[in-house]
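In: structure for this input, please:
(chains A and B)
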Amino acid sequence: MSKGNVQTESTPPTPPPMRPGGFGGAHRRGPGPVVKPKNFKGTLKRLWQYFGKERKMLSFIFIFIVLDSSLMLLAPFLIGKAIDAMRMDGGKVDFGFLEIMIVILVAAYVMDSLLTFLQGWLMAGVSQRIVKGLRDALFKKLQKLPVSFFDSRSHGELMSRLSNDVDNVSNTISQSTTQLMSGVVILSGSLIMMLWLSPLLTLASLITVPLVFILTKTIAKRTSALFKNQQVELGKLNGHIEETISGIEIVKAFNHEEKVIEEFDVVNTRLREVGLKAQIWSGFLMPIMNVINNLGFAVVAVVGGILAVKSIITVGAIASFITYSRQFVRPLNDLANIFNILQSGVAGAERVFEIIDEEEEPLDSPQAISLERPSGHVVFENVSFGYRPDVPILKNVSFEADIGSSTALVGPTGAGKTTIVNLLTRFYDVTGGRILLDGHDIREYTRDSLRRCFGFVLQDTYLFSGTIKENIKYGNAEASDDEVDRAARMANADTFIKRLPNQYETVLSENGGNISQGQRQLLAIARVILAKPSLLILDEATSSIDTRTELHIQGALLTLMENRTSFIIAHRLNTIRDADTIMVIDQGEIIESGNHETLMSLQGKYYSMFFNQFKNVETGLD
Amino acid sequence: MTFLSKYIKKYWKSFCIAVFFLTIEAVSDLMQPTIMAKIIDEGVANKDIHYVLKMGGLMLLITACGAIAASTRSVVASIVSQSFGTELRSDLFKKIQTLSFKNIDKFDRASLVTRLTNDVTQVQVFVNGLMRIFVKAPLLALGGLIMAMRLNLQLSVVLAVVVPIVALLIIFNLRLGFPRFSRVQKALDRVNSVMREYLSGVRVVKAFNRFDAEVGKFSIVNNDYKNQSISANRLMATFSPLIMLTVNLGIVVVLWIGGYGVNSGSIQVGHIIAFINYMTQILFSLMMISMVFNMFVRARSSAGRIDEVFLQEDSFSSDDNQNVNFIERGRIDFEKVSFTYEQATGEPILKNINLTILPGETVGIIGSTGSGKSTLVGLIPRFYETVSGTIKVDGIDSKRVSPKTLREKIAMVPQKNILFTGTIEENIRWGKEDASDAEVVSAATIAGAHDFIMASPEGYQTRIGQGGVNFSGGQKQRISIARALVKKPEILILDDSTSAVDVATEARIKEDLKTYAKGLTCLLIAQRITSIIDADKIVVLDRGELVGVGTHQELLKDCSIYQEIYQSQVGKEVEQ
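Out: Numbers count the residues shown, from 1 in each chain, chains lettered A, B, ... in the order given. I've put the predicted structure just below:
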């Protein structure tokens, strides 16, 4: 009987295989090949260790399951005995014996239900607590991972590990293990009971077992190849759908609706053919299992009947036997299926553990000091760096930024501009040389305190779902409403905020989708203003904004830069021409440095870049 | 769910055939315990081995019949459900392809994809299930009841008590369960959304040192998810044993009553065994029905989402059949055009636009983000309908022309690069399917794409992955331009589509365009003034209003917004 299958995936990629609660035998296997874990035993062991204090509770539950299954084995035997109390030969019913049997039976049933209830109740708590722990641990782990970890993985993949894989683990714990345990107990128990009741009848009824194996094997062989094909065709169809729906503007603009529909129908029909074959073959499984069940039923009835006629066994034994032989076949069908689920659960756990084992951002050294309100004197001393050892990004870079000065970094994409920022904030650590802030190597400070001193305005303004006020207060949770308002005003954001129906309480959707790009940028600036950082980093802060909006933001940025050591990355040169120092970076090296006037008089790279822009080159620079 | 009636009409006969065979299958299942009762009560009681064998043979025969019925039913069910699913998917796809943007915009693109894939599959699985077990379960339950009653009316009293109790328990279970499980789903969505946000904003979190806050936020939603799941699962854990217990106690009562019956000779022992068998059968069927209900709810919400798409009525009022004689080639007139997107609130996107674009003119359109540039050009091929005012294309009110005819005149290169899986040649041929190789090459050459295409080993046969992953943004833009050019349109619209192309190439493309198609009207949307500086006419938009039309020099003199844009881009330097 099913203990309630909670479908937790928000968008299951394939329809969940239906599990008709152990009725009638065969279950449809989920289409698609089973993902096998790399190290089944090791991961299982580790998972068990991971359960920690829940292990005791789990052990209890396992004991309950064994007891529960044993009681389920007892019931048919008792029923058989009760029936035997009713004499077949027309004699009187042995009521004394019947009563005893009935009382035991009632006790067994009540106990059984109680145990099932207890086990389900406890399991719900245990499995969910374990999964919650696992999720929390994963999320905490994510906080400790270096930025390089996130840079090298797609969000989709990480999301799938955090949700699907964790859910898989939960299902494995709560369902597969219990089913596996009770399956094994019932399977072996039924066999023992059957043998005890009548070895001859057991032998007769077991002839269905090899039949089950042979038939399921043959069918499974056929279907797994067919399901694989179906998966391939489905992938193609989904690709086509994805493409034509997201590009529907082009489809329509080129009057290509009919062509696209034609293509769709071709793939769709192919999917139908493959899917039909797969479904017909897999569809045979259930009726065949049902037939085998009925066959077993008939064999027991006939052979049992003959044995009963010859008085070798009693009628009650036949009644018990029918139940046992059913109970015997059912888990047999289930076990293979359960093993697959177990495998994919363990494979999920493996992927979860992979993240848990990822190398963390190295801890701050014990001597690390907390950096408080630095004055903002930055020195790069022969800094070298590469994301990969064989590809150097920065080569021997040295420069100095005075307190309160502004430094602009310009140069082509891949020149290393953003890398300088990544190093400054220790998203990555230098591989050679050192960076000094207020006279100390930045590795002598704790990462937390170092980063808190920087304010960021990035090209992509990550806003979080929540109200506008919460977003502005992100960097300074204690700020008063007054301060929030002041920061918004300084960032030129108050005008649009005040026009919104709920003003500061307007709820932004995920990543702030319901306001414009420029407005998001203004909020990001307000957020930085409120955080009162000592140093400032503007990384292409205005590049995704049109130039007129930029003009409005420019003012806000200037206020922000006042009296703060600032680093500006931009590819539109007119936005940085007022910077104290402009550094032209190319292929990891600083090739020119100075203010706008000096660089112009130098007539070098900057000069040509500037005039290129002036001569309509606005995109060639990035 | 009106859309379903079409399929019901088409498939009800096959469906009934499947259900017919399903019934045979269920009946053969139901016969077994009764025959077994006969074996015991007549064969065993009278020590008649011959009778036992005869009945055994009958059982096997019925089993064989059931097997044949089940296999036939399975094949029919597969054919019906697969054909139905395929057709539904195809119809839905066609519907989406023919909808106007006004309707399409009501849905998220990703959600349309889900509707086509996941939701259709969900409905298909349900229909398949209908012909497999969903109908069989009630049949078995009902049949079991009838067989049990026929077997022995006296014992059926037990059923009269047990079945309603179990039914009530199941109803309670579902009633209490559904809100709980939907809360679980919502809690899970929240967990995922916090996670997704963290992943995309990880730099900000690190920069602001908000680890504790993020962990705290996550912990709250995660804890909520845990609690909701526990509560939902515990509910299931409570009801399942209760239902089991009810039926099991029923079996005990049957034994008890049966004992007295056998004693008085009114009940035979075999009947008791058969009766108990029917009771378990009924129980399992009832449990199945609750499962079916679960599936039904899921399929119904999927069907509802599909229905939402089918319910979209195309709002276009074009007189398609009308033969229109276009007076000119490549002329566009906007007359008092205003526009608002359907769901949008607040100010209209376009306000009272009056503009004439003459054949062969190159017109630049400039303005800040959100000023309505893309919307303005989107109205020309009737992606959207004006709210008021008229747009005339080649002298004819565009509402009188079918979108198809209209779009034949126009080629568009959108802001977003959209290329399709296939070779470069296939992608360019999108513009004109029967284009000759020479035409393809010449379009690619003018778009500045020929050289880099030839530089890749497979030339025009180079395959583009989904979304065109293997080319740079600028290259993809140039292929898109080639695709538009091969069409030889009267009107070419470039929506900021040279932003990733380097300036020298951009200039050359624009130069070559003039010679490529004589009298080609060209609309250029641009962020940068430099891209449109030499256009015949520049249109300046601001907050949906047309604030200036003229050449660069004219606008620099009279249009303050244009001046502002110019200054923000070129800086003070130029004035000197």
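In: rest of the way, CA atoms for contacts and neighbours
Out: OK.
In: quote the end-to-end distance of stretch B:335-354.
Out: 5 Å (Cα to Cα, to the nearest Å).
In: and the helix or strand hosting B:Phe172, how far from the chain's centre?
Out: Secondary structure assignment for B:Phe172, by DSSP states H and E: helix B:153-200. Distance of helix B:153-200 from its chain centroid, counting by Cα atoms, centre = their mean, to the nearest Å, is 27 Å.
In: show me the contact partners of whichever helix or strand comes after it.
Out: Using DSSP H and E, the next helix or strand after helix B:153-200 towards the C-terminus is helix B:202-208. Helix B:202-208 is contacted by residues A:147, A:150, A:425, A:451-452, A:454-456, A:462, A:474-475, B:198, B:211, B:214 when judged by Cα atoms under 8 Å, 6 or more residues apart in numbering or on different chains.
In: so which of the residues you listed sits lowest on pLDDT?
Out: Lowest in pLDDT among the contacts of helix B:202-208 is A:Tyr462, which has 69.
In: leaving out the residues flanking it, which one is nearest to residue 497?
Out: If you meant another chain, say so; for now it's chain A. Spatial nearest neighbour of A:Ile497, excluding adjacent residues (Cα to Cα, 6 or more residues apart in numbering or on different chains): A:Gln503 at 5.1 Å.
In: that was the other one, I meant chain B.
Out: B:Ser497's closest residue in space is B:Gln415 (Cα to Cα, 6+ apart), at 5.4 Å.
In: the one you found in helix, strand or coil?
Out: Under DSSP: H, G, I helix; E, B strand; the rest coil, B:Gln415 falls in the coil class.
In: what's the helix or strand for the closest residue to chain A within the stretch 451-576 of chain B?
Out: Taking Cα to the nearest Cα, chain A has its nearest neighbour within the stretch 451-576 of chain B at B:Thr530, 5.1 Å off. According to DSSP H and E, B:Thr530 maps onto helix B:529-532.
In: can you tell me the average pLDDT over that helix?
Out: Helix B:529-532 comes out at a mean pLDDT of 77.
In: contacts made by the helix or strand just after that helix with the rest, please.
Out: Per DSSP H and E, the first helix or strand lying C-terminal to helix B:529-532 is strand B:537-542. Contacts with strand B:537-542, where a contact means Cα under 8 Å, 6+ apart, come from B:361-368, B:371-373, B:532, B:546-552, B:561-562.
In: work out the gap between whichever helix or strand comes after strand B:537-542 and the centre of the chain.
Out: Counting by DSSP H and E, the next helix or strand C-terminal to strand B:537-542 is strand B:545-550. Computed by Cα atoms, centre = their mean, the chain-centroid distance of strand B:545-550 equals 41 Å.
In: just confirm yes or no for strand B:545-550 near chain A.
Out: No - using Cα under 8 Å from any Cα of the partner chain, strand B:545-550 never reaches chain A; the gap is at least 14.6 Å.
In: roughly how far does A:Ala368 sit from chain B?
Out: 17 Å (Cα to the nearest Cα, to the nearest Å).
In: hang on, isn't that residue packed against A:Ser449?
Out: No - taking Cα atoms under 8 Å as the definition, A:Ala368 is not a contact partner of A:Ser449, at 10.0 Å.
In: residues touching residue 423, list them.
Out: If you meant another chain, say so; for now it's chain A. Contact analysis of A:Leu423 by Cα under 8 Å, 6+ apart lists A:Asp429, A:Val430.
In: actually it's chain B I care about, not the one you picked
Out: With Cα under 8 Å, 6+ apart, B:Thr423 has these contacts: B:Tyr460, B:Gln461, B:Thr462, B:Arg463, B:Ile464.
In: which residues of the chain fall in strands?
Out: No chain specified, so I'll use chain A. For chain A, the strands defined by DSSP state E occupy A:378-385, A:394-401, A:406-410, A:432-437, A:440-441, A:454-458, A:466-467, A:507-508, A:535-539, A:565-569, A:581-586, A:589-594.
In: wrong chain, I was asking about chain B
Out: Assigned by DSSP E, the strands in chain B fall at B:332-339, B:350-357, B:362-366, B:388-393, B:396-397, B:410-413, B:422-423, B:463-464, B:491-495, B:521-525, B:537-542, B:545-550.
In: list the contacts for B:Ile170?
Out: B:Phe239, B:Ile243, B:Met287, B:Ser290.
In: same thing but at 10 Å, please
Out: Contact analysis of B:Ile170 by Cα atoms under 10 Å, 6 or more residues apart in numbering or on different chains lists B:Pro164, B:Leu176, B:Gly177, B:Phe239, B:Ser240, B:Leu242, B:Ile243, B:Leu286, B:Met287, B:Ile289, B:Ser290.
In: and for B:Ser338?
Out: By Cα under 10 Å, 6+ apart, the residues touching B:Ser338 are B:348-354, B:376, B:385-390, B:544-545.
In: please apply the same query to B:Ser442.
Out: Contacts of B:Ser442 by Cα under 10 Å, 6+ apart are B:Ser436, B:Gly448, B:Ala449, B:His450, B:Ala482, B:Leu485, B:Val486, B:Tyr516.
In: pretty sure the first one sits against B:Glu426.
Out: No - here B:Ser436 lies out of contact with B:Glu426, judged by Cα atoms under 10 Å, at a distance of 11.9 Å.
In: of those two, who's got more company?
Out: B:Glu426 (21 against 12; other Cα atoms under 10 Å in any protein chain shown).
In: distance check, the more buried one against chain A.
Out: Distance of B:Glu426 to chain A, computed by Cα to the nearest Cα: 13 Å.
In: got a list of what A:Tyr141 touches?
Out: Small correction: residue A:141 is Lys, not Tyr. With the criterion set at Cα under 10 Å, 6+ apart, A:Lys141 makes contact with A:Arg135, A:Ile355, A:Ile356, A:Asp357, A:Glu358, A:Glu359, A:Glu360.
In: highest neighbour count among those residues?
Out: That'd be A:Arg135 among the contacts of A:Lys141, by other Cα under 10 Å, with 22 neighbours.
In: is it true that that residue touches A:Leu162?
Out: Yes - with contact defined as Cα under 10 Å, A:Arg135 reaches A:Leu162; the gap is 7.0 Å.
In: residues in contact with A:Arg161?
Out: A:Leu138, A:His155, A:Asp167, A:Asn168, A:Gly348, A:Ala349, A:Glu350, A:Arg351, A:Val352, A:Phe353, A:Glu354, A:Ile355.
In: sort these by pLDDT and name the bottom one.
Out: Scoring the contacts of A:Arg161 by pLDDT puts A:His155 last, at 64.
In: still on that earlier bit, farthest-apart pair in the contacts of B:Ser338, please.
Out: B:Glu385 and B:Glu545 (17.7 Å; Cα to Cα).
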